[in-house]
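Student: Can you look at this prediction? I've put the sequence above it.
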Amino acid sequence: GPLGIVGVGQVGSRLAALVRALGLVDEVICCDPPRARLGDTDERWLELDELWARSSIVSMHVPLVREGPDRTLALLDTARPRLGPPKLLVNTCRGPVVPDRALARPDIVARVLDVHEREPELDAATLLDPRTLLCSPHVAGYSLEAKLRASAMMHVALSRWLGREPSVDLLATLPRVIVPRELEPLA
């Protein structure tokens, strides 16, 4: 079945492009209400219930928003969206977007978790559950690129505050990555 991507920002859009370029699934379907409201025509936007009902894999990539029309706190919960066919859940956004109680849904038959509801505490039952295929700490900020980007942002902000031009391009220090020709459109 299709791969459903919830949240099609930096990570979700790159995942969609990579999966399409590699031909890993027949169809990629997307849910991102803020982008849909903006009239973004890069994707055909689905509501969460429809995406959940149609997907065999759902990958979550939304920020944690506690209030408002785009609230993502407990976006996936025990009763929302409606129960669907069996699926693999991949959660890489923020823990409370998919609270621990939601992981017990009968339609989630396998899961890959990069985040946990009460990090850094881990729920032993989640770790030991045979449906948990992979469980890792959320470490996106630990990569060399993430550290350089954060340092570059601080350097630019401090330079502006001091009324000066930034004196160094930290991102230029990243190692050069060689991308295979078939993946060049994704780079």
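Tutor: Structure's in. What do you need?

Student: Only alpha carbons, please: show stretch 87-99 as CSV.
Tutor: Extracted in CSV, the C-alpha atoms of stretch 87-99 (Å, rounded to 0.1, in the frame of the first residue of the first chain):
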residue,chain,number,x,y,z
LYS,A,87,0.3,-0.6,9.3
LEU,A,88,3.9,0.3,10.2
LEU,A,89,4.2,3.6,12.1
VAL,A,90,7.4,5.6,11.9
ASN,A,91,7.5,8.4,14.4
THR,A,92,10.4,10.9,14.1
CYS,A,93,8.7,14.1,15.1
ARG,A,94,8.2,14.8,18.9
GLY,A,95,7.1,12.3,21.5
PRO,A,96,3.8,13.8,22.6
VAL,A,97,2.5,13.9,19.0
VAL,A,98,2.0,10.2,19.4
PRO,A,99,1.5,9.5,23.1
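
Student: That one: which residues count as buried?
Tutor: 87-99 (16 or more other C-beta atoms under 10 Å). Where C-beta positions appear, they are placed from N, C-alpha and C, glycine not excepted.

Student: Look up how far residue 77 lies from residue 71.
Tutor: 12 Å (C-beta to C-beta, to the nearest Å).

Student: Could you do residue 99 as well?
Tutor: 6 Å.

Student: Residue 24 now?
Tutor: Here residue 24 is placed at a distance of 28 Å from residue 77 (C-beta to C-beta).

Student: Show me the helices in the chain, by range?
Tutor: Here the chain has its helices, by DSSP state H, at 10-22, 33-37, 48-54, 124-128, 144-161.

Student: pull the CA atoms of the longest one into CSV?
Tutor: The reference is to helix 144-161. C-alpha atoms of helix 144-161 as CSV (Å, rounded to 0.1, in the frame of the first residue of the first chain):
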residue,chain,number,x,y,z
LEU,A,144,28.1,17.5,12.4
GLU,A,145,25.8,19.3,10.0
ALA,A,146,23.2,20.1,12.7
LYS,A,147,25.9,21.4,15.1
LEU,A,148,27.5,23.6,12.3
ARG,A,149,24.0,24.9,11.3
ALA,A,150,23.2,25.8,14.9
SER,A,151,26.6,27.5,15.3
ALA,A,152,26.2,29.4,12.0
MET,A,153,22.7,30.6,13.1
MET,A,154,24.2,31.9,16.4
HIS,A,155,27.1,33.5,14.6
VAL,A,156,24.8,35.4,12.2
ALA,A,157,22.5,36.5,15.0
LEU,A,158,25.3,37.7,17.1
SER,A,159,26.9,39.5,14.2
ARG,A,160,23.7,41.3,13.4
TRP,A,161,23.2,42.2,17.0
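
Student: Which of residue 24 and residue 77 has more residues huddled nearby?
Tutor: Remark: of residue 24 and residue 77, residue 77 carries more neighbours, 14 against 11, as counted by other C-beta atoms under 10 Å.
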